[in-house]
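A.B. asks: need a structure here:
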Amino acid sequence: MTDSGDKKQLLHLVFGGELDDLSKVDFRDLNKLDIVGIFPDYATALTAWKAKAQQTVDNAHMRYFIVHMHRLLNPAD
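C.D. replies: Here you go, the predicted structure:
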């Protein structure tokens, strides 16, 4: 299945969780990671990331990330 437009599909994963130490990316509990979703482009992923980050602004240890999955699947992109 492909999108009806000519827009190239660049998958992005948004996820987050509580960090043990704010100077590292080590999660407190891997079983409690919040997988927000996989998005078809960076702009959509950024919108989802901003929404989740805003919801957790009161928790200093909570961090959300955007992973460029398309770079892992096809390093030439």
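A.B. asks: now do the strands in the chain.
C.D. replies: Secondary structure of the chain by DSSP state E: the strands cover 12-18, 34-39, 62-68.
A.B. asks: name the helices or strands packed onto the last one?
C.D. replies: In other words, strand 62-68. With contacts taken as 3 or more C-beta pairs under 8 Å, 6 or more residues apart in numbering; DSSP states H and E, strand 62-68 sits against strand 12-18, helix 42-55. Any C-beta I mention is one placed from the backbone N, CA and C, and that applies to glycine too.
A.B. asks: quick one: closest of these to Arg71.
C.D. replies: strand 12-18 (9.6 Å; C-beta to C-beta).
A.B. asks: tell me the mean pLDDT over that closest one?
C.D. replies: The pLDDT scores in strand 12-18 average 97.
A.B. asks: stretch 53-71 too?
C.D. replies: For stretch 53-71, mean pLDDT is 94.
A.B. asks: that one: which residues count as buried?
C.D. replies: Thr56, Met62, Arg63, Tyr64, Ile66, His70 (16 or more other C-beta atoms under 10 Å).
A.B. asks: okay, the helices and strands packed on strand 62-68 in TSV with distance to Phe27 next?
C.D. replies: As requested, those are exported to TSV (distance: least, C-beta to C-beta, whole Å):
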stretch	distance to Phe27
strand 12-18	4
helix 42-55	15
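A.B. asks: that older thread, please identify which of the buried residues of stretch 53-71 is nearest to Thr44.
C.D. replies: The closest of the buried residues of stretch 53-71 to Thr44 turns out to be Ile66 (C-beta to C-beta; 10.4 Å).
A.B. asks: give the contact list for that closest one.
C.D. replies: Residues in contact with Ile66, defined by C-beta atoms under 8 Å, 6 or more residues apart in numbering, are His12, Leu13, Val14, Tyr42, Ala45, Leu46, Trp49.
A.B. asks: so what's the residue count around Ala45?
C.D. replies: Residues near Ala45, counting by other C-beta atoms under 10 Å, number 23.
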